[in-house]
Structures are given as C-alpha cells and as structure tokens.
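Enquirer: I'd like to go over a predicted model; first the sequence, then the structure.
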Amino acid sequence: ETGVTQTPRHLVMGMTNKKSLKCEQHLGHNAMYWYKQSAKKPLELMFVYNFKEQTENNSVPSRFSPECPNSSHLFLHLHTLQPEDSALYLCASSQVRGYEQYFGPGTRLTVT
Amino acid sequence: AQTVTQSQPEMSVQEAETVTLSCTYDTSENNYYLFWYKQPPSRQMILVIRQEAYKQQNATENRFSVNFQKAAKSFSLKISDSQLGDTAMYFCAFMKHVRLIQGAQKLVFGQGTRLTINP
C-alpha cells in the first residue's frame, strides 16, 4: 500500500450504532488530519494530530471521538450520530512543518 | 480568521480550450501558502499547484498555472489545453506560513468549482 488509505470506503449506520473509521499513511509523516466534506459546505477541518498529540479540535461534537495510537494510524470513532453527520470523511497526512497534505480517498458515511 | 471564496460553482468548456477558475481570500497574514486541489469523481483529493505568498513569480505545473495577485488577494487557476481527465471539483485552499515553533497548520478551503470538460 502506498500513500494514505482509508477503510471502509462506504459505511451505512443507524443512529444508535457505534462504528470506527480507519486511516493509515505510508509516507513517514508525523501529522494527521480528519476533514468532513458535506454536500453544501466547504471542507471542514475536524481534528489535527502532531506526533500523536491532538493539537486542534475544531468544535466537533463529542459523538465523534478521534484516536491516534501512532504517527501512521488515525481512527475516528462514531457513536449516536445524527442524519446531518452523513458526509464524506477525508483523512490527510503531512510532515508537521510541511505545507503539503496528502489525502486518502475518503469514507462515504450515511446515517439512517 | 481566514476565508476563501470561489464564486463559480460550476464551469464547462470544450476539450483543448483554456479555462480559468477564480479564487479570492481574506487574511491579515503576510506569509502564507495558497493551493489548488483537484477532486475527481474517485474522490481522491490531489494537489495541483501551490504558491508561496512571498514569491512574486506565478507558479506553473505543466498545463496548470496561477495568477497570484497578493494585493488584490486573488489566486486564479488557468488550465491550458484542457483534457477530459481534468473533469473534477477544484478547491482553492489557504494555509498560514509554518513557523518552526508551531505544529501542523490547517488548510482552509473554498466551496469548490465543478469543472466539466466536454469532448
């Protein structure tokens, strides 16, 4: 595998379910990001991790819980989501002091 | 706070034509980076071109070039000899200059322009 991978690519979940999104980067980077892409809004940054430490939480509701066990892996744990949380969730990585972010293919999430 | 505005929700041109996508931004920073990202139907966000604000020369990457007007806070993307594979959403994005004492910097995106290249 090369670049940034995300699993699953598609996810349908009920409002009472618990699920997790996974992101893995194979680029030797040390910063990772979660973005949300909704149909009618610009991409929104959700979380930033530098060297496994969360450095930004962009006022994200607590039903989204990120986890970064090491510099290569990033998870987004989901529970009791709302239909308006349906979106494309993109993961990205970069060097901490770099300017170029590399994106994964995204997970299309549908909350029913 | 920084904002990025793309005023063209959709554009459509014929193959081989030249097309220009517009982007304006608002910031009080003097040093920053500007980017154009492409998102084809596969959803993979791909960096097309970047511009450092301190550089006066406009960036070019093969058929892609920018017109960077710092005073006007304008950053347009020109695609020459457009190809069917250029069909995608294009996003303009802003990032503050990365200082040594700071960590990773976030990208601020515009709303995107859906570009269709017709055969």
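Expert: Great, that's in hand. Numbering: from 1, shown residues only, chains lettered A, B, ... in the order given.
Enquirer: what does chain A put close to chain B?
Expert: Proximity of chain A to chain B is confined to A:31, A:33, A:41-43, A:45, A:48-50, A:55-56, A:58, A:88, A:90, A:92, A:94, A:96-106, A:108 under the rule C-beta under 8 Å from any C-beta of the partner chain. (C-beta placed from N, C-alpha, C; glycine too.)
Enquirer: which ones among those lie within helices?
Expert: Residues of the residues of chain A next to chain B located in helices (DSSP state H): none.
Enquirer: out of those, which are buried?
Expert: Neighbour counting by 16 or more other C-beta atoms under 10 Å in any protein chain shown classes A:31, A:33, A:42-43, A:45, A:48-50, A:55-56, A:88, A:90, A:92, A:94, A:96-97, A:99, A:101-106, A:108 among the residues of chain A next to chain B as buried.
Enquirer: quick one: mark the members of those that sit in strands.
Expert: Among these, the ones falling in strands (DSSP state E) are A:31, A:33, A:45, A:48-50, A:55-56, A:88, A:90, A:92, A:94, A:102-103, A:108.
Enquirer: low-confidence regions, chain A specifically.
Expert: Where chain A drops to pLDDT under 70, the residues are A:1.
Enquirer: which residues does the residue nearest the centre of chain A contact?
Expert: In chain A, the centroid-proximal residue (C-alpha atoms, centre = their mean) is residue A:34; its distance is 3.3 Å. Residues near residue A:34 by C-beta atoms under 8 Å, 6 or more residues apart in numbering or on different chains: A:23, A:45-47, A:66, A:74, A:76, A:89-91.
Enquirer: now do the contacts for residue 45.
Expert: Went with chain A since none was named. Neighbouring residues of residue A:45 by C-beta under 8 Å, 6+ apart: A:33-35, A:56, A:58, B:106-108.
Enquirer: you answered for a different chain; I wanted chain B.
Expert: Residues near residue B:45 by C-beta under 8 Å, 6+ apart: A:90, A:92, A:103, B:37-39, B:91.
Enquirer: what's the helix or strand for the residue nearest in space to the middle of chain B?
Expert: Closest to where the C-alpha atoms of chain B average out (C-alpha atoms, centre = their mean) is residue B:36, at 2.5 Å. Per DSSP states H and E: residue B:36 is located in strand B:32-39.
Enquirer: can you give the distance of the helix or strand following that strand from its chain's centre?
Expert: Moving toward the C-terminus from strand B:32-39, the next helix or strand (DSSP H and E) is strand B:46-52. Here the centre of strand B:46-52 is set off from its chain's centre by 7 Å, with C-alpha atoms, centre = their mean, to the nearest Å.
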